[in-house]
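> Got a predicted model here, sequence first, then my questions.
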Amino acid sequence: MKSVIETQQNLTWSLAIADFKELTKVRLAISVVFSSIAGYFLGAYQIDVISILLLAFGGYCMVGASNAYNQIIERDLDALMRRTAHRPIPDGRMSVGTALTIAVVMTLMGIVALYLLNPKTALFGALSIFLYTSVYTPLKTITPLSVFVGAIPGAIPFMLGWVAATNEFGIEPGTLFMIQFFWQFPHFWALGWMLDEDYRKGGFKMLPTGKKDKGTALQIILYTIWMLVISVIPVFGVTGRLHLSPVAAVIVFIMGMGMLIFAFKLYEKRDNQSARKLMLASVSYITLMQLVYVIDKFI
């Protein structure tokens, strides 16, 4: 009898943890933390483990809170889409009150953790939550321009790491911000292309022209080019302490060209398979590019 009760308790905890991970979008949160830590390594004069742990914890809390608020606000729309219908709130596994409690607690813990690093880091973290939940989320059903607003909090993490390490905002974190800002568009529009039918069920307006057409594909190409250009600008020595060696710049450029090729293929074929390939290429690009930047600094 005791083992049955223990099994049920373990199952309950497993389900609760699974719902928490889905509410906070654990994979997305981890990728954001990775970007923040990469920015920290680029900015730090010396590496401090406690600072990295605070940044990782605070960053996860801020992203997790943003995602929780988002799912609270969009719970009725999520129920209409196949991709999101089984999230904890629309599926009835978690109450709005529970989700809100989690979001508020994570917000407070995240701000405190980032404030312990420095006030500027906490400010940018709080700004990202505000823009994501109070501006981007409501605009998604109104105008495709929501993607431009959403790209701001989406671009903050890479920059946030530098600010956490230096307590300074200047050309260096500004450049990191711009790289990830322009990267957001080909990445998210490729995802929006793949999920367009589902997004329409929820009333979301995500593609720039509102259609899976050449206009959208052309904008994806243009933003990929801007991303590529800004990614290699540090090699010219105009971005302060943010440097990139010629070899590293060539590597980043080649990776960016690979992503651009996928963007041109989407323009040519305009199908979901091409959009998926571009989306996966964009995920690989942002991760590898950040690794190249960090490795280049320390070799």
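Perfect, I can see it now. Numbers count the residues shown, from 1 in each chain.

> Now do the domain split for the protein, please.
For the chain, automatic domain parsing gives the domain ranges 1-168, 170-299.

> possible to save the ones you listed as a markdown table with mean pLDDT and mean neighbour count?
C-betas here are computed from N, CA, C, even on glycine. Formatted as a markdown table, these follow (pLDDT from 0 to 100; neighbours: other C-beta atoms under 10 Å):
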| stretch | mean pLDDT | mean neighbour count |
| --- | --- | --- |
| domain 1-168 | 91 | 18 |
| domain 170-299 | 95 | 19 |
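
> What segments of the protein are helices?
For the chain, the helices defined by DSSP state H cover 2-24, 26-43, 49-73, 75-78, 96-117, 119-130, 137-139, 146-166, 171-194, 196-202, 214-232, 246-269, 272-298.

> and I142, what are its phi and psi?
phi -110, psi -50 (degrees, to the nearest 10).

> which residues touch it?
I142 makes contact with K205, according to C-beta atoms under 8 Å, 6 or more residues apart in numbering.

> how much space between it and F204?
For I142, the distance to F204 equals 10 Å [C-beta to C-beta, to the nearest Å].

> My guess is C61 contacts A113. True?
Yes - counting by C-beta atoms under 8 Å, C61 touches A113, with 6.6 Å between them.

> about what we covered before: need the helices of the chain in CSV with distance to T239, can you?
Output for these, formatted as CSV (distance: least, C-beta to C-beta, whole Å):
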stretch, distance to T239
helix 2-24, 33
helix 26-43, 11
helix 49-73, 22
helix 75-78, 40
helix 96-117, 23
helix 119-130, 19
helix 137-139, 31
helix 146-166, 11
helix 171-194, 5
helix 196-202, 36
helix 214-232, 10
helix 246-269, 12
helix 272-298, 11
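
> Would you tell me which of these gets closest to G240?
Nearest to G240 among the helices of the chain is helix 171-194 (4.6 Å), distances taken as C-beta to C-beta.
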